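Asks: Sequence and predicted structure, then a few things I'm wondering about:
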Amino acid sequence: YFAGMDLTNLKLTRTDLTVNFDWGQGSPHPAIGQDSFSVRWTGEIEPVFSQTYTFYTTSDDGIRLWIDGRLIIDNWTDHAPTENVGTIDLAAGRKANVRLEYFENGGGALVRLAWSSRSQPRQFVPSTRLSSPVDPTFKLPAPLLRVESLPNGPMRLVIDVETPANYHVEASGDLR
């Protein structure tokens, strides 16, 4: 849990058994203000069936969900309570990395994570299907960088990413 909406200024680390929170006008913890905070949940999710799973997030405000490094829900905007949906094929009994990011800007604070498949009715993802990550440093795959020469001498930096995400690029003329 972070003070600020940009997942910086870590204030609290805890294990939540499931993601089904409606803080209303309140705060998730006394160390966090009621507005302008963010949360990153990481772990593993283990499906029961080898099927296409549909994930549902309900949030007020921004939300992003990665499953096995693939961004399947991306609504990183201020908004009233909104449901977003994404799908991915999962294998029964094979744990997949999961990362859910959320920010609260103002007003109500709400975040929920549910799933369903052809054989499983829609439900909040239960704690029995979630676990702590084996690798607590789980991150998105690094982008591949290459330099291309353009006519008349200029060069261009090309960034190829396997997983669409919001990468932050910084540049400097100091090449020492």
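Replies: That came in fine, so what should we check first?
Asks: only C-alpha atoms for contact and neighbour calcs from this point on.
Replies: Noted.
Asks: Break down this structure into its strands, ranges please.
Replies: 2-3, 20-24, 37-45, 51-60, 63-67, 70-75, 82-90, 96-104, 109-117, 120-124, 130-131, 144-149, 155-160 (DSSP state E).
Asks: Among those, which comes closest to Leu12?
Replies: strand 2-3 (6.9 Å; C-alpha to C-alpha).
Asks: pLDDT of the closest one, averaged?
Replies: Averaged over strand 2-3, pLDDT sits at 92.
Asks: Any idea how many residues pack against the nearest residue to Ala3 once chain neighbours are set aside?
Replies: Leaving aside its chain neighbours, Ala3 sits nearest to Phe37 (4.7 Å; criterion: C-alpha to C-alpha, 6 or more residues apart in numbering). For Phe37, the neighbour count with other C-alpha atoms under 10 Å is 26.
Asks: ok, Phe37 to Gly93 distance?
Replies: To Gly93, Phe37 is 34 Å away according to C-alpha to C-alpha, to the nearest Å.
Asks: relative to its centroid, which residue of the protein is most remote?
Replies: In the chain, counting by C-alpha atoms, centre = their mean, Asn152 sits farthest out from the average C-alpha position, at 42.1 Å.
Asks: Isn't Val39 up against Leu110?
Replies: No: Val39 is not in contact with Leu110 according to C-alpha atoms under 8 Å; the separation is 11.6 Å.
Asks: Dig out what Gly86 forms beta bridges with.
Replies: Phe55 (DSSP bridges).
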